[in-house]
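Sequence and predicted model, in that order:
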Amino acid sequence: MHKTLIAITLASIVIAVGAVLVAVGVVPMGATNEGGAGNGNAQIVAHEGAGLGRVATEAEVALLNISIRPDGVGLPPGQGTVQEGALIFGPRCANCHGPRGRGGQGGRLSGGVGTLGGEEPIKTVNSYWPYATTLFDYIRRAMPLYEPQSLTDSEVYALVAYILMQDRIIEPTDVMNATTLPQVIMPNRNGFVEWWPRPPE
Amino acid sequence: MTKKSKPQVSDLSATPVLPVSGRQPKSLAQTADQDPTRRRLLLGAAAAAGAAAVAAAPKQAQAIAPPGAVEYPVPVDPTQVPGRPPGLNGGYGTRSQFETEVREWSGSGTSSRTPLASSEGTITPSALHFERHHNGIPEIDPEEHSLLVHGMVKRPLTFTMADLKRLPSTSRVAFIECGGNSAGEYHAARGKEIHNMHGLVSSSEWTGVALSTVLREAGLESGAAWLLAEGRDAAMLSRSIPLEKALDDAVLAYAQNGEALRPEQGYPLRLLLPGWEGITNVKWLHRLDVSDAPFQTREETSHYTDLNIVTGEAKQFTFVMAAKSLILFPHPEAKLEGPGFFEITGLAWSGRGKIKRVEVTTDGGKNWHLAELQEPVLSKSQTRFRFPWVWDGEPTMLQSRATDETGYVQPSIRQLKEVRGDAERGNVNYHNNAIQTWRVNRGGTIENVHFSGNS
């Protein structure tokens, strides 16, 4: 079912992109409404555009690019274990997320697996999130709340391992790194239905 | 009885309460004394009045004038004394000292709400535009800010703000509504004030560059279908956006209501995706990464997905804010003085296009009447509606129901729950666009209730 959805998405986007690009191509870049000329096709600037913006070097892109995809593209080198994660989680996360991530002012990170289809859904990283890569991405960019981006990549891998282990999504001896993390299958991996570009039949 | 809600000057000197104790986020640690304008005022006063008087004078004025206003003497007869000259407040206008409307912020310090009950017309003043931040408002020097466009593009490009402003510009009016607006009203009718129930929606005129223009400068590679939009705040908030939308009507906005964006609204640059849930309109925008698939960020998986507790499945990428309308007068903080004429008025909007009609019922859904729509009715913008009503003094229910140009009709709360299920927790309450009911009691008091009539 997911495959079909993706196919539909791509097909419709290719069509849409094509149509818009054609339209964009004939939009006069410097056209003005200044009066009286009665000349419909003022200046038509070719596809090269305005030539504004500076070409970014690979190094410049690498400096800012922290995107991580669910297939693992973008995950940095480094690695971490559950034990290492436990040592960091206590002092740096438990204050807001509770011991073992079982809940606090910052929200609950673990537990609740299997509760989604009921009156009392417990939504946590482990019960709800479809991809483990998202956990790495989010902790690295945004946590801890008051000191974002203060963790090393290996520390982030370790925290990811520690959180996932709380619900045995990985084994206590597993090591998280750029190869192992994208292979983790989250319990709710198939719990999402894409409503873009349109609701499923 | 008054249309205005009671002046609510909350304790504005208080620092927003943060979710937890510990160190303050960098961006929230600013105090009023670090504000350059205020410091200048203090210094100016010091020069004029001498050091001893400094501390007291400006503070006193601030305590009396509401936020955004300056206190001036009020003559008994303004026709008998010359008024003040222009330019007194350094050349940037202030509102009347008699106007007190403010955004009310949440206890968690992550959002503030537009005082809808007192709104007029269709545009929200920039200073009252609702806020939702995920780790405070960053302070960004526009000279230091740039936008990187990379990924599946032929030429990765960096645009300075000056570059962006040289590109062809475009302006449009659009509402922005948080995907979680009205969420607290889904399970049960709880709210007492309109802004607390529905105040995460506002409307502005936005100006900037069409995103399609910038993507054309970079050149899309074949197979490109999505892009990641990332902010430069302490959450580095990120969302995946389909290129179909990016190339349709997305704007890289640098201005709001005729001046630069407010810092709370993403200064110096934000993404504007007309009609799409607020969080996709990424603020403090600094990076666009073009790809062939979504990135599955936290804000499009953990949050802003719609869990259906009947099926246990969650809808993902429910971008569009569907048609909604809201009666803003009467409302629970206003009391009808007694039987007689009242103008029912409110706002309607749809993320799919123009509002086609708004119907009003004054008898709990037995009869629906067409409300008058204020022209011009703009696509993906708020539309003001009005309906003249003579109240007979009897208890009744008031509702409004919007239909947009696609034919979509705003649902009742019962209709929504039939499809999604009902729960207090979880993600079931995003995108609550249900019809709002105001119950009018015999004494003229107004109450917030859930009522779905026969629908």
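Yep, that arrived. Numbers count the residues shown, from 1 in each chain, chains lettered A, B, ... in the order given.

Please work out which residue of chain A is closest to chain B.
Among the residues of chain A, residue A:117 lies nearest to chain B; the distance is 2.6 Å by CB to the nearest CB. Glycine gets a C-beta too; all of them are placed from N, C-alpha and C.

Return the residues in contact with that residue.
Going by CB atoms under 8 Å, 6 or more residues apart in numbering or on different chains, residue A:117 touches B:309-313.

If any of those are buried, put those into a PyMOL selection.
Burial among the contacts of residue A:117 is assessed by 16 or more other CB atoms under 10 Å in any protein chain shown; the matching PyMOL selection reads:
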select buried, chain B and resi 309+310+312+313
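
Okay, buried residues for stretch A:89-105 please.
Within stretch A:89-105, judged by 16+ other CB under 10 Å, the buried ones are A:89, A:92-98, A:100-101, A:103-104.

separation between the residue most central in space within chain A and residue B:392?
By CA atoms, centre = their mean, chain A has its centre lying nearest to residue A:134, at 5.3 Å. Distance of residue A:134 to residue B:392, given as CB to CB, to the nearest Å: 57 Å.

Break chain A down into its domains, please.
A:2-46, A:58-183 (automatic domain parsing).

got the CA coordinates for the helix or strand that contains residue B:385 in PDB?
Using DSSP states H and E, residue B:385 maps to strand B:383-391. Extracted C-alpha coordinates of strand B:383-391, given in PDB (Å, rounded to 0.1, in the frame of the first residue of the first chain):
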ATOM      1  CA  THR B 383     -13.300  36.800   5.300                       C
ATOM      2  CA  ARG B 384     -15.500  38.900   7.600                       C
ATOM      3  CA  PHE B 385     -19.200  38.000   7.800                       C
ATOM      4  CA  ARG B 386     -22.100  39.800   9.300                       C
ATOM      5  CA  PHE B 387     -25.700  39.000  10.100                       C
ATOM      6  CA  PRO B 388     -28.300  41.300  11.600                       C
ATOM      7  CA  TRP B 389     -30.200  39.600  14.500                       C
ATOM      8  CA  VAL B 390     -33.000  40.700  16.800                       C
ATOM      9  CA  TRP B 391     -32.900  38.700  20.000                       C
END
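
now the helices for chain A?
For chain A, applying DSSP state H gives helices covering A:2-25, A:58-64, A:82-92, A:94-97, A:125-128, A:133-142, A:153-165.

list the helices and strands the last one packs on?
Meaning helix A:153-165. strand A:79-81, helix A:82-92, helix A:125-128, helix A:133-142, strand A:175-177 (3 or more CB pairs under 8 Å, 6 or more residues apart in numbering or on different chains; DSSP states H and E).

what about it, average pLDDT?
For helix A:153-165, mean pLDDT is 98.

Please apply the same query to the longest one.
Here helix A:2-25 scores 39 as its mean pLDDT.

Just the local confidence number for residue B:393, please.
So residue B:393 comes in at 97 (pLDDT).

Show the contacting residues for it.
B:338-339, B:442.

And it, how close does it get to residue B:337?
11 Å.

go on, residue B:408?
Counting by CB to CB, the gap from residue B:408 to residue B:337 is 37 Å.

Between the two, tell me which one has more neighbours.
residue B:408 (18 against 11; other CB atoms under 10 Å in any protein chain shown).

what stretches of chain A score poorly on pLDDT?
Applying pLDDT under 70 to chain A flags residues A:1-48.

if you set the cut-off to 90 instead, what comes out?
For chain A, the stretches with pLDDT under 90 are A:1-51, A:117-121, A:197-201.

Could you do chain B as well?
B:1-64, B:87-89, B:106-109, B:307-312, B:418-429, B:453-455.

contacting residues around the residue in it that chain A sits nearest to?
Residue nearest to chain A within chain B: residue B:312 (2.6 Å; CB to the nearest CB). Neighbour list for residue B:312: A:116-118, A:191 [criterion: CB under 8 Å, 6+ apart].

Which of those residues has the largest number of neighbours?
residue A:116 leads the contacts of residue B:312 on contacts (other CB under 10 Å) with 24 neighbours.

I figured it hits residue A:191, correct?
Yes. Under the criterion of CB atoms under 8 Å, residue A:116 makes contact with residue A:191 at 6.5 Å.

between the two, what contacts are shared?
A:128, B:312, B:314.

can you put those residues in JSON lines and add distance to residue B:283?
Shown next, in JSON lines, are these (distance: CB to CB, whole Å):
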{"residue": "A:128", "distance to residue B:283": "25"}
{"residue": "B:312", "distance to residue B:283": "33"}
{"residue": "B:314", "distance to residue B:283": "25"}
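
between those, which is nearest residue B:260?
Closest approach to residue B:260 among the shared contacts of residue A:116 and residue A:191 (CB to CB): residue B:314, at 37.8 Å.

That closest one and residue B:160, how far apart?
Residue B:314 is 40 Å from residue B:160, by CB to CB.

now do residue B:332
Taken as CB to CB, the span from residue B:332 to residue B:160 is 48 Å.

Of these two, which one has the most company?
residue B:332 (20 against 17).

So chain B: which segments form each domain?
According to automatic domain parsing, the ranges for chain B are B:26-80, B:109-304, B:324-449.

Tell me which of those domains sits most buried.
With neighbours defined as mean count of other CB atoms under 10 Å in any protein chain shown, those peak in mean count at domain B:109-304, which reaches a mean of 21.

which residue sits closest to residue B:345, ignoring its sequence neighbours?
Distance criterion CB to CB, 6 or more residues apart in numbering or on different chains; nearest residue to residue B:345, sequence neighbours excluded, is residue B:386 at 4.7 Å.
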